[in-house]
Every structure is written in C-alpha cells, then in structure tokens.
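>>> Prediction below, plus the sequence it came from.
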Amino acid sequence: MKKIFKFSCICLTATVLLSSCNGNTAEKNNATDSTSTENTMSEQGYIAMFEPNSLSGWEGDSTYWKMENGVLSGEIREDQEPLKNNTFLIWNGGDVGDFSLKTKFKISENGNSGVNYRSDRFTELPNALRGYQADIDGKNNYTGQNYEERKRTTLAYRGQRTEILNPADGVKGESKGNAWTNMKVLDSVATPEELKTIVKPNDWNDLEIVAEGNKLTHYVNGKIIAEVIDNDPENRKDKGLIGVQVHVGPPMKVEYKDMQIKIIK
C-alpha cells in the first residue's frame with residue numbers, strides 16, 4: 001500500500017505540475033499572439049500612415065475627404081457641386097523612392113479612385129498630382145492597372161507584365177488611345193477569368209504597391225494584377241509623392257484603412 005500511495009502522490013504531483021506548466025504556456029502563447037498581432041507590421045518595418053480621427057499628416061480639400069475611426073473616406077455627394085478636376089489627398093511624408101505600401105480599400109459601384117506614388121505636384125490645379133497610379137474603380141474594369149496620371153497614361157493594363165521601352169532605342173513614345181505606345185507586353189500575370197473574381201465588390205480588398213528601382217508591381221488581394229518595368233529614363237520617376245484620388249464623375253465614395261508603408265531605400 002505504501003508503494004501504491006507513493007506512486008499515486010508522484011502521479012498527482014506530476015499532473016499538477018504539468019497542468020501548471022501548460023497553463024503558463026497557454027498564457028504566454030496568448031500574450032505572445034496578442035503582442036505579435038499588434039506588432040507584426042512594425043516588426044516588418046512598416047509604419048502607419050493614418051491618424052484614427054484626423055487628417056494630420058495629409059493635405060487636401062476636406063470638402064471631399066474625412067477621417068473617422070481609422071477609415072479615410074473620399075466622397076462626392078449628391079448635394080455638392082460636380083467636381084471639375086480630379087482631387088488628391090497628399091501624404092506629407094515627402095518624396096519616397098523604393099517602398100512597399102499596403103492598404104485596404106472599398107469603393108462604391110460608380111467610384112473611381114487610385115493611389116498615386118512617385119508623383120509630383122501638377123501646379124496648374126489645386127491638390128493635383130502627376131505620376132504613377134494604382135487604379136481603383138467600382139465596376140472592376142481598371143482596378144490594379146498602372147495608369148500614369150497626366151503623363152504617359154496606361155503603362156500596364158490589368159493582367160499584364162510590361163516593359164516601357166527606352167525612346168533612345170529609336171522609337172519616341174506617345175499617348176494614343178489612352179495608352180503609351182512604347183508599352184511592350186512581356187507576358188500575362190492574371191487571366192481574364194481570374195480578374196473577374198479577384199476583387200470583392202462592395203467589400204474591403206487588399207492593395208499592395210511595391211516599387212523597387214524601375215520595377216513597379218501592383219497586388220490586389222495577394223495576386224499580382226499588373227507589373228511594369230520602366231526603361232524610359234526620360235519619363236520615369238525614381239521617387240516622389242504619395243496620394244489618394246477622388247476622380248471627377250457621378251456621386252461616389254471610396255474608403256481606405258490600415259494604410260502602412262515600409263521604406264526600402
């Protein structure tokens with residue numbers, strides 16, 4: 001009986017210790033999970049670009065832009081005068097060269113917007129930018145394409161990997177049919193069938209822009225939608241401003257949240 005009692009005590013002690021260890025481990029794991037969720041982006045080198053309830057750090061026309069609970073809204077209301085020119089909210093982070101920018105977006109059916117980068121100010125108009133844009137539209141005809149605002153126009157349609165040719169090689173490019181003539185299609189990055197299903201209408205979608213050197217890649221919901229190799233030294237930009245757009249047109253609304261950027265160099 002003494003041996004059985006000792007064995008039982010040992011088993012009971014081991015069980016208590018094991019439970020205690022498991023409990024401590026679970027608490028540590030829960031704490032780690034919570035902390036890692038909050039710090040993942042910062043650990044990867046990303047910084048938040050939004051203040052939760054303020055347009056601080058951005059400049060533009062507050063007639064069309066507002067920030068509430070971490071969500072940036074760009075809106076043309078029915079009771080407003082029609083917008084005469086595209087208007088931008090411009091980030092005050094300065095000229096940015098190589099980077100990765102991540103954000104979530106949601107857009108109404110009639111909406112037309114986009115995220116501009118490596119852009120400069122178009123000084124002839126207020127709150128206007130000129131440069132590369134990851135296009136976004138509510139009808140999902142253009143979302144993800146690379147459109148160069150007020151410059152060379154379309155550099156890559158949805159589903160394309162393109163090269164913008166160097167005009168020094170003999171052919172001077174021009175904008176024709178809303179696309180750049182020195183755009184050479186290298187291959188496909190998404191099929192027409194995929195392009196129909198990647199974007200979730202009337203819902204939040206993930207957008208990522210990666211600019212490294214002369215390679216510009218646009219992702220939507222984790223899928224490459226367009227990629228440009230810009231070999232045109234006369235027209236390309238290696239750094240510039242970042243902004244978001246409300247496009248002229250009917251009443252619309254676009255929303256952005258969780259916008260973060262990692263500067264590569």
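Nice, I can see it.
>>> pretty sure Phe88 contacts Val244?
Yes: because the distance of 6.7 Å satisfies C-beta atoms under 8 Å, Phe88 is recorded as touching Val244. Where C-beta positions appear, they are placed from N, C-alpha and C, glycine not excepted.
>>> Quickly list what's touching both of these two.
The contact sets of Phe88 and Val244 overlap at Asn116 (C-beta atoms under 8 Å, 6 or more residues apart in numbering).
>>> So for those two, which sits in the more crowded spot?
Neighbours were counted for Phe88 and for Val244 using other C-beta atoms under 10 Å; Phe88 has more, 31 against 26.
>>> Spatially, what comes nearest to Lys223 if we skip its sequence neighbours?
Counting by C-beta to C-beta, 6 or more residues apart in numbering, Ile198 is the residue found nearest to Lys223 once chain neighbours are left out, at 5.3 Å.
>>> phi, psi of the one you found?
Backbone dihedrals for Ile198, given as degrees, to the nearest 10, come out at phi -70, psi -40.
>>> can you count the residues close to it?
Applying other C-beta under 10 Å, we find 19 other residues in the vicinity of Ile198.
>>> gap between it and Leu72?
Distance of Ile198 to Leu72, computed by C-beta to C-beta, to the nearest Å: 23 Å.
>>> Tell me where the stretch 101-250 of the chain has strands.
Taking DSSP state E, counting those that start in this stretch to define them, one finds strands in the stretch 101-250 of the chain at 112-121, 129-137, 146-148, 153-156, 160-164, 175-176, 179-180, 183-188, 205-212, 215-220, 223-230, 241-246.
>>> surely Glu148 meets Leu129?
No: counting by C-beta under 8 Å, Glu148 stays clear of Leu129, with 10.7 Å between them.
>>> The two: which has the busier surroundings?
Legend: neighbour count by other C-beta under 10 Å for Glu148 and Leu129, higher for Leu129 (27 against 24).
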